[in-house]
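**Student:** fold the following, please.
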Amino acid sequence: MRKMVKICCSLLLLSLLSRQLNANPGLKVRITQKGLEYAKEVGLEILKQNMAKEHFPDLSGYEKFGLGNVKYNISRIRVTAVEFPSASISLIPGTGIKLVIGNASLTIDMNWNIRTWMFKDSGRSTVYISKVFVTAIFSTPLDNTGHTSISLTSCRTTSGDIDIKLNGESGFLHNFFIKYLKKPIHRSLVTNSCPNIRSGIQLIDEDLRSLNVLMPIDDLAKVDYSLNSLPAVFQPFIDLDLKGIVYPAGNCSGPPYVAAPFTIPDQSDSMLYLAFSEYFFQTSSFAYYTAGAFNITIAEETCSYFNISTEIFGSIIPEVAKYSVTPYPVMLKLMATETPIISLGQDSFTVEIQGSMEVFAVLPDSTPQSLFTTNIAANTSIALNIFDQKLMGSLCLNRLQFSLAHSNVGFFEISLLENILSYILQTEVIPSANAKLSKGFPLPNLANVTLTRPHITIVQGYMLISTDVHYKH
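**Tutor:** Got it, this is the predicted structure:
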């Protein structure tokens, strides 16, 4: 029962170490009825498998019989079959999760031994228990530290018919024994089911409290997937609002942006929907800008395609040739001068980058000598895909604009250098950026749940992942 509940909860409780906030989320998660039904089916199948492997404790005791007692002992209890013809999982607004198992049945093999002052007997028997009903409600309150937990708030188990068949010839004594064997079996089923569920929930709660929703992306940044508020339950789906904020590593101060409200369209074809807002991506841009990830140095020893020197620049710009008669290696320092701006539109993910490129001549003593600095305005787009539970991107350069910001060699037309500078950016900077993007953003961790057939749609203000899921037993 513990593992069944854990699977059913895993899709709901994507992030549990959280404080309630009133801010708009950076990430919305929607779990549809299709997703809940899958969780239920997986949970019930795991419950069947675990019950077949379970080692149940022996039952022994006394029952009243006339002027004496009937002593019984039931041992080597083994479940051989479990059926759940009717089971449902639903959510109660403002309360939590409701699990209902109806009309369940179990087939059990066991050894039995029974004695009275008049006679005794023992043997092997098959027990068929039918019309078992379990109703359990789990809540997800906030504890005194502001974190969310899970607890069992109510539980009720009822069992209907118990049919016992004793091996061997039937007769008066067997019917007599069956009467006294039914009582402890019924009592054990009713009294132990809910405590077992409660102990399982306590283990799940310990696991959930240990979850780290502040996930590292790489050495430069981390993402906060903690819950922004309690789940919002509607008739066809559940919405979870997650913070969805990317911070520089070692710094959790809030970014200088305010998340705008957004809504996910009513869809139910997939089990799970993940909507990443423009705010989510903008905080990632700010985090990496703050960490200096957009600063790149290109030197002779790191240039992949050709050796850049003052001679190359001097052949295009006479001012450079006059300033540096002796050919020297050239070093380029590129940096973003402000946080790149992310824009999400219909089928469009664009990044506007404002930056600068300073060109140095490297003297024989390795001293860099500044030649000139250009301003760069780059319009780029990103193509997104999902692989290995990560969101990955590929950067494409759409257009570039250059302007001369400062020159130590005298004024010249920057347009003369546009081709060579564009080539350097295309062959050196873009591949370096794509190598970093290919490492991917970790998606919210669903504990042994993988995304299957995910599909990405980009619309105005957010990116939507529509996906089914698969639980790995």
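**Student:** check contacts around the nearest residue to A383 once chain neighbours are set aside.
**Tutor:** With CB to CB, 6 or more residues apart in numbering as the criterion, A383 has its nearest non-adjacent residue at 4.7 Å, and that residue is S394. Quick note: C-beta positions are derived from backbone N, CA and C, even for glycine. Contacts for S394 (CB atoms under 8 Å, 6 or more residues apart in numbering) come out as 382-383, 385, 434, 437-438.
**Student:** let me know the distance separating the closest residue to Y62 other than its chain neighbours from P318.
**Tutor:** With sequence-adjacent residues excluded and distances taken as CB to CB, 6+ apart, Y62 is closest to N69, at 4.3 Å. Using CB to CB, to the nearest Å, one gets 115 Å for the distance from N69 to P318.
**Student:** and what of I129?
**Tutor:** For I129, the distance to P318 equals 96 Å [CB to CB].
**Student:** comparing the two, which residue is more hemmed in?
**Tutor:** It is I129, of I129 and P318, that has more neighbours when counted by other CB atoms under 10 Å, with 22 against 13.
**Student:** now a ChimeraX select for only the buried ones of the contacts of S394.
**Tutor:** The ChimeraX selection below is limited to those of the contacts of S394 classed as buried (16 or more other CB atoms under 10 Å):
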select :382,437
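**Student:** can you tell me which of the contacts of S394 are in strands?
**Tutor:** Cross-referencing the contacts of S394 against strands under DSSP state E gives 382-383, 385.
**Student:** possible to save the residues you listed as TSV with pLDDT and distance to I414?
**Tutor:** What follows is these, written out as TSV (pLDDT from 0 to 100; distance: CB to CB, whole Å):
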residue	pLDDT	distance to I414
I382	96	27
A383	96	30
N385	95	36
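**Student:** can you confirm V429 is in a helix?
**Tutor:** Yes: assignment of V429 by DSSP: H, G, I helix; E, B strand; the rest coil places it within a helix.
**Student:** alpha carbons of stretch 27-45, as PDB, please.
**Tutor:** What follows is stretch 27-45 as a C-alpha-only set of coordinates in PDB (Å, rounded to 0.1, in the frame of the first residue of the first chain):
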ATOM      1  CA  LEU A  27       6.500  27.600 -14.000                       C
ATOM      2  CA  LYS A  28       3.000  26.000 -14.100                       C
ATOM      3  CA  VAL A  29       2.500  22.300 -13.900                       C
ATOM      4  CA  ARG A  30      -0.800  20.700 -14.900                       C
ATOM      5  CA  ILE A  31      -1.700  17.100 -14.100                       C
ATOM      6  CA  THR A  32      -4.700  15.900 -16.100                       C
ATOM      7  CA  GLN A  33      -7.200  13.200 -15.200                       C
ATOM      8  CA  LYS A  34      -5.300  11.000 -17.700                       C
ATOM      9  CA  GLY A  35      -2.200  11.500 -15.600                       C
ATOM     10  CA  LEU A  36      -4.000  10.600 -12.400                       C
ATOM     11  CA  GLU A  37      -5.500   7.500 -13.900                       C
ATOM     12  CA  TYR A  38      -2.100   6.400 -15.000                       C
ATOM     13  CA  ALA A  39      -0.700   6.900 -11.500                       C
ATOM     14  CA  LYS A  40      -3.600   4.900 -10.100                       C
ATOM     15  CA  GLU A  41      -3.100   2.000 -12.500                       C
ATOM     16  CA  VAL A  42       0.700   1.900 -11.900                       C
ATOM     17  CA  GLY A  43       0.200   2.100  -8.100                       C
ATOM     18  CA  LEU A  44      -2.300  -0.800  -8.100                       C
ATOM     19  CA  GLU A  45      -0.100  -3.000 -10.200                       C
END
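**Student:** the residue nearest to Y62 in helix, strand or coil?
**Tutor:** Of the three states, N69 takes strand according to three-state DSSP.
**Student:** so where do the helices sit in the stretch 151-300 of the chain?
**Tutor:** Counting by DSSP state H, counting those that start in this stretch, residue ranges of the helices within the stretch 151-300 of the chain are 172-209, 278-290.
**Student:** right, and those helices - which one's nearest L220?
**Tutor:** Proximity to L220, assessed across these by CB to CB, is greatest for helix 278-290 (6.1 Å).
**Student:** list the helices and strands the closest one packs on?
**Tutor:** Helices and strands in packing contact with helix 278-290 are listed as strand 221-224, strand 245-248, strand 341-345; criterion 3 or more CB pairs under 8 Å, 6 or more residues apart in numbering; DSSP states H and E.
**Student:** could you check the angle it makes with strand 341-345?
**Tutor:** Comparing the axes of helix 278-290 and strand 341-345 via axes from the mean of the first three to the mean of the last three CA atoms, to 10 degrees yields an angle of 160 degrees.
**Student:** pLDDT on helix 278-290, on average?
**Tutor:** Per-region confidence: helix 278-290 scores 95 on mean pLDDT.
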